[in-house]
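Q: Here is a sequence with its predicted model. Questions after.
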Amino acid sequence: MKKLLNVSAMLIALAVMLSGCASSAKKTEAEGPAVPHPRSYVLDPADGATTLALPFNSYGPNYQGTIDMWKYLKKDKPQAGDTMQLRGKVTSDVDIPCLVFYLTDTSPAANYWTNLCGDSYILDMKAGVAYDINVDVVLDVSTKGGLVMTFAYDGNDHGQETYAKVGAPANFTFEKVADTTDTNAEVPSAPHNSNPTVALEKYAAFLEIATNHPWVNGAQDMSVIANYQSTPEVTPAFGDDLPRAGDKLTVTWKAVSDVDIAQIYMRPVDCSSAANWWKELINVNWDDMEAITVVKDVKAGEPFEASVTFELEADAVAQVNLCVWYDIGDATPDGPAIIKMVK
């Protein structure tokens with residue numbers, strides 16, 4: 001028998017309170033459509049992903065997964081006081097005593113993790129059973145640049161009985177129930193720029209290429225050096241028009257290093273939580289490093305100019321980073337480097 005969602009009384013009271021006190025506002029044309037607020041949105045996680053892995057999250061610590069829904073909402077950013085109607089069905093492959101889910105803004109403007117509302121729950125979740133997601137939540141905080149549905153479980157006390165940690169990752173399957181509100185239909189999209197150019201020094205005026213240690217079983221092995229690496233974010237260069245598969249992304253770079261470097265490599269990645277913290281945007285041929293070499297023979301104190309073009313093989317999910325690195329022994333003296341923009 002299918003079980004219904006359990007929602008805390010406090011969350012319901014909060015929804016009533018915020019719905020009654022929120023004021024009406026209109027957006028400018030630059031921000032999106034002129035839509036009165038507060039308003040309601042429908043979110044069905046199946047429109048974001050039909051499956052979801054919840055691996056162990058050492059920062060929680062808990063088991064956690066996120067589904068990015070921002071592409072449906074960014075043309076009319078949800079505001080505090082707006083109602084989010086969460087609808088769907090979810091099935092887990094493991095028993096979960098207390099599943100918690102809530103909405104989060106994971107954009108840089110929101111410091112990469114801002115909770116937008118209170119928690120909702122599914123209690124005593126059994127493997128292989130479909131559970132209804134059917135709850136309305138009111139946002140405590142306005143979105144700034146992102147919105148994901150976060151699902152988590154662990155031994156934390158979220159206003160319910162404290163449960164022992166389940167001790168195993170889960171895999172979820174979602175069944176579509178409702179149509180997610182698509183604000184893209186409310187305002188015509190601007191033409192997509194399939195050949196964007198990014199000047200790296202504009203977004204990384206001071207770049208430290210630091211010692212990078214390999215990750216082993218969720219922790220860095222500090223006894224080993226993998227290479228020297230940095231991942232500056234350049235998302236603001238694209239506005240709401242994130243690059244897609246098939247685009248040709250050109251990166252230019254005018255800077256000066258404090259050490260000699262034989263060659264510096266670069267590739268675009270998505271380091272957002274919505275992309276599970278690391279998503280390759282190109283297919284790297286590790287036997288052809290020339291394709292990802294951005295500059296060679298860098299001399300300490302001598303300004304350099306570089307340019308490289310990538311043909312993207314995957315869509316950016318929520319942000320764009322540039323993985324910039326060089327190998328052990330490529331710098332003189334060997335070690336980290338500081339690279340600054342040329343003034």
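A: Okay, I see it. Numbering: from 1, shown residues only.
Q: what's the burial count for Lys254?
A: If you count neighbours by other CB atoms under 10 Å, Lys254 ends up with 15. Every C-beta, even on glycine, is put in place using the N, C-alpha and C of the backbone.
Q: any idea which helix or strand carries it?
A: Assigned by DSSP states H and E, Lys254 belongs to strand 248-257.
Q: List the buried residues of stretch 229-244.
A: Buried residues in stretch 229-244, counted by 16 or more other CB atoms under 10 Å: 229-230, 232-235, 237-238, 242-243.
Q: Take those residues and keep only those in helices.
A: Using DSSP state H, no member of those falls within helices.
Q: ok, so of those, who is nearest Thr173?
A: Lowest distance from Thr173 to the buried residues of stretch 229-244 (CB to CB) belongs to Leu242, with 27.0 Å.
Q: Phi first, then psi, for the residue nearest to that closest one when sequence neighbours are not counted.
A: Nearest residue to Leu242, sequence neighbours excluded (CB to CB, 6 or more residues apart in numbering): Ala316, at 4.3 Å. When read as degrees, to the nearest 10, the backbone of Ala316 gives phi -70, psi 140.
Q: sorry, back to before: just the buried residues of stretch 229-244 now: which is nearest Val284?
A: Of the buried residues of stretch 229-244, the one sitting nearest to Val284 (CB to CB) turns out to be Gln229, at 14.1 Å.
Q: what sits against the closest one?
A: Residues in contact with Gln229 (CB atoms under 8 Å, 6 or more residues apart in numbering) are 209-210, 212, 323-325.
Q: again, only this time at 10 Å
A: With contact set as CB atoms under 10 Å, 6 or more residues apart in numbering, Gln229 has these partners: 209-213, 265, 323-326, 336.
Q: ChimeraX command for the buried members of those residues?
A: Per 16+ other CB under 10 Å, the buried members of the contacts of Gln229 correspond to this ChimeraX selection:
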select :209,212,213,265,323,324,325,326,336
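Q: name the element the nearest residue to Asn115 once chain neighbours are set aside belongs to?
A: Closest residue to Asn115 apart from its sequence neighbours, by CB to CB, 6+ apart: Thr104 at 5.7 Å. Taking DSSP H and E as the definition, Thr104 sits inside strand 96-105.
Q: following that strand, which helix or strand shows up next?
A: Next in sequence after strand 96-105, counting helices and strands by DSSP H and E, comes strand 114-115.
Q: Sheet-wise, list the partners of that following strand with their directions.
A: strand 96-105 (antiparallel) (DSSP bridges).
Q: and the partner strand, C-alpha only, in CSV?
A: Provided in CSV are the C-alpha atoms of strand 96-105 (Å, rounded to 0.1, in the frame of the first residue of the first chain):
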residue,chain,number,x,y,z
ILE,A,96,15.0,4.9,5.0
PRO,A,97,13.5,5.7,8.5
CYS,A,98,13.3,9.5,7.8
LEU,A,99,13.7,11.1,4.4
VAL,A,100,14.0,14.9,4.6
PHE,A,101,13.6,17.1,1.5
TYR,A,102,13.6,20.8,1.0
LEU,A,103,14.5,23.6,-1.5
THR,A,104,17.9,25.1,-1.7
ASP,A,105,19.6,27.9,-3.7
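Q: For Phe238, give me its contacts.
A: Counted by CB under 10 Å, 6+ apart, Phe238 has contacts 193, 196, 198, 249, 316, 319-320.
Q: For the strand holding Thr104, which residues meet the burial criterion?
A: Buried, per 16+ other CB under 10 Å, within strand 96-105: 96-105.
Q: In which helix or strand does the closest residue to Met289 other than its chain neighbours reside?
A: Of all residues not flanking Met289 in the chain, Tyr265 sits nearest, at 6.5 Å (CB to CB, 6+ apart). If you go by DSSP H and E, Tyr265 is part of strand 260-270.
Q: Just checking the distance from that strand to the centre of its chain.
A: Chain-centre distance of strand 260-270: 22 Å, with CA atoms, centre = their mean, to the nearest Å.
Q: how's this protein carved up into domains?
A: For the chain, automatic domain parsing gives the domain ranges 9-186, 197-341.
Q: weakest of those by average pLDDT?
A: Between the domains of the chain, the lowest average pLDDT goes to domain 9-186, which shows a mean of 82.
Q: ok, so of the buried residues of strand 96-105, who is nearest Leu312?
A: Leu312 lies nearest to Asp105 out of the buried residues of strand 96-105, by CB to CB, at 25.1 Å.
Q: Perfect, I'm done here.
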